[in-house]
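Trainee: next input, structure requested:
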Amino acid sequence: MCPMAGPGWTLLLLLLPLPLGSLAGYRLQKKQVILSHKVIGEPCRSHQECQSNCCTTNSLDPHTLCTPKTIFLQCLPWKKPNGYRCSDNSECQSSCCVRDSKSPQEFCTSQTVFLQCVPWRKPNGDFCSSHRECSSQCCIQLREDSPFRCVPRTGILAQCLPL
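Mentor: Residues are numbered from 1 along each chain as shown. So this is what the prediction gives:
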């Protein structure tokens with residue numbers, strides 16, 4: 001048995017065929033990768049610049065930003081924060097795109113504790129045709145000849161009763 005045939009020598013023999021220049025190139029390349037990694041939210045041009053390997057377009061302006069990956073290792077698209085105009089739930093960070101006034105325009109809004117989108121409803125005094133339209137969930141005629149209006153719920157059991 002040769003005294004130099006231990007595991008340390010085997011490892012040394014595996015490294016010998018590599019030219020020294022390739023090791024130096026590996027170190028240089030590794031430093032460049034580490035220096036170019038950007039954190040979430042920083043501007044980027046390609047996926048490789050980001051620590052997350054995700055560089056996606058910001059829909060409000062033409063810039064691209066580093067974004068996180070999902071648990072399934074997919075890049076998350078940028079989504080609009082609350083208050084921005086939207087036309088679909090998928091455009092919003094909260095996944096809630098609803099009307100917030102009498103205008104037909106919709107905006108990104110927050111979700112409830114139960115992860116539901118709360119639709120905008122008419123305030124008390126506005127004309128209505130169903131209970132669902134009113135924030136009080138109460139749409140009634142105040143008199144037989146008057147139009148239906150949103151009114152606050154009244155009484156001990158908070159019922160829809162005329163004022």
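
Trainee: which residues in this structure form strands?
Mentor: Shown for the chain, the strands assigned by DSSP state E span residues 55-57, 64-66, 85-86, 97-99, 106-108, 139-141, 148-150.

Trainee: can you pull the pLDDT of the most centrally placed residue in the chain?
Mentor: Centroid check for the chain by Cα atoms, centre = their mean gives residue 93 as the closest residue, at 3.2 Å. On the pLDDT scale, residue 93 is placed at 87.

Trainee: what sits against the closest residue to it other than its chain neighbours?
Mentor: Spatial nearest neighbour of residue 93, chain neighbours left out: residue 79 (4.5 Å); criterion: Cβ to Cβ, 6 or more residues apart in numbering. Yep, even glycine has a C-beta here, placed from its N, CA and C like the rest. Counting by Cβ atoms under 8 Å, 6 or more residues apart in numbering, residue 79 touches 90, 91, 92, 93.

Trainee: output stretch 101-114 in CSV with nothing but the alpha carbons.
Mentor: C-alpha atoms of stretch 101-114 as CSV (Å, rounded to 0.1, in the frame of the first residue of the first chain):
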residue,chain,number,x,y,z
SER,A,101,-68.3,56.1,-6.0
LYS,A,102,-71.2,56.9,-8.4
SER,A,103,-68.8,57.0,-11.3
PRO,A,104,-68.4,53.9,-13.5
GLN,A,105,-64.6,53.9,-12.9
GLU,A,106,-63.2,51.1,-10.8
PHE,A,107,-60.2,51.2,-8.4
CYS,A,108,-58.0,48.7,-6.6
THR,A,109,-59.3,48.4,-3.0
SER,A,110,-58.4,46.3,0.0
GLN,A,111,-60.0,43.0,1.0
THR,A,112,-62.0,42.3,4.1
VAL,A,113,-60.6,40.2,7.0
PHE,A,114,-62.5,37.3,5.3
